[in-house]
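1. what follows is a predicted structure for the sequence shown.
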Amino acid sequence: MTAGSKVAIFSAVLPAGANTRPSTTDQAKTMKKLFVLLAMAMLPALAQAQILKCVGVGGRVEFASSCPAGTKAENTGIRNAPAAASSANPQKSLAERDAEFRKRQVEQQEAAKKTEEKSRDSADRAQNCESAKGYLNSLQKGNRIAKTDPKTGEVSGFLEDTERKVEIERAQRSVESSCN
């Protein structure tokens with residue numbers, strides 16, 4: 001294949017008047033676009049400003065990035081740019097994070113167990129209080145209270161008046177201990 005035939009092949013593929021290299025004006029336009037994009041990307045970094053305390057006539061205080069004429073500017077030390085991320089807290093490994101997660105899970109389970117036991121104890125205390133109050137109320141009303149034999153569990157009789165007074169005192173102590 002000769003050099004003339006190569007040119008003929010390329011000229012057949014390329015449109016008429018097309019050049020294989022971009023022109024200088026195209027390169028300049030591309031460079032301008034890149035420069036504008038770069039400038040826009042850096043704009044937020046340049047927008048950091050110091051916040052000043054401006055004290056005006058009569059002690060009127062304003063905060064601004066620049067103080068108006070006739071006011072005294074005081075530095076507050078506040079910048080409106082976010083602080084850079086510190087490297088004091090390095091990223092923890094997956095194993096460390098997993099161990100911390102498991103520890104938190106165990107702590108939550110223990111706390112839930114304690115809360116459940118506490119609520120169960122509270123419900124038991126409330127039940128005991130109600131039972132003691134009911135028994136005391138029955139004794140004070142004079143209802144007949146059956147006595148049971150502790151060995152056999154059979155009814156052996158009813159409380160007498162002398163036994164009732166002692167039983168009322170015992171029931172009152174039971175109410176005080178159960179309900180307080």
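-> Nice, I can see it. Residues are numbered from 1 along each chain as shown.

2. which residue is nearest the centroid of the chain?
-> Arg104 (14.2 Å; CA atoms, centre = their mean).

3. wait, is it part of a helix?
-> Yes. Counting by DSSP: H, G, I helix; E, B strand; the rest coil, Arg104 is part of a helix.

4. which strands or helices does the longest strand seen in the chain pack on?
-> Secondary structure assigned by DSSP state E gives strand 72-79 as the longest strand of the chain. Counting contacts by 3 or more CB pairs under 8 Å, 6 or more residues apart in numbering; DSSP states H and E, strand 72-79 is packed against strand 50-55. C-beta here means a position set from N, CA and C on the backbone, and glycine is covered the same way.

5. quick one, the strand it packs on and strand 72-79 angle?
-> Strand 50-55 and strand 72-79 are oriented at 150 degrees to each other (axes from the mean of the first three to the mean of the last three CA atoms, to 10 degrees).

6. so which bits of strand 50-55 are buried?
-> For strand 50-55, the neighbour count (16 or more other CB atoms under 10 Å) marks Leu52, Lys53, Cys54 as buried.

7. ok, and the closest non-adjacent residue to the first one?
-> Closest residue to Leu52 in three dimensions, ignoring its sequence neighbours and counting by CB to CB, 6 or more residues apart in numbering: Ala73, at 4.9 Å.

8. and the one you found, how many neighbours?
-> Neighbour count of Ala73, defined by other CB atoms under 10 Å: 14.

9. before we move on, what about Glu62?
-> Look at Glu62: counted by other CB under 10 Å, it has 12 neighbours.

10. quick one, what contacts the spatially closest residue to it that is not a sequence neighbour?
-> Counting by CB to CB, 6+ apart, Glu62 lies nearest to Cys54, which is 4.5 Å off, once chain neighbours are set aside. For Cys54, the contact set (CB atoms under 8 Å, 6 or more residues apart in numbering) comprises Val61, Glu62, Phe63, Ala64, Cys67, Pro68, Thr71, Lys72, Ala73, Glu74.

11. so what sits opposite the first one in the bridge?
-> Beta-bridge partners of Val61, counted by DSSP bridges, are Val55.

12. so Thr140, which of the three states?
-> Just so we're on the same page, residue 140 is Gln rather than Thr. helix.

13. spit out the contact partners of it.
-> Shown in contact with Gln140 (CB under 8 Å, 6+ apart): Ile168.

14. recalculate using a threshold of 10 Å.
-> Arg164, Ile168, Ala171, Gln172 (CB atoms under 10 Å, 6 or more residues apart in numbering).
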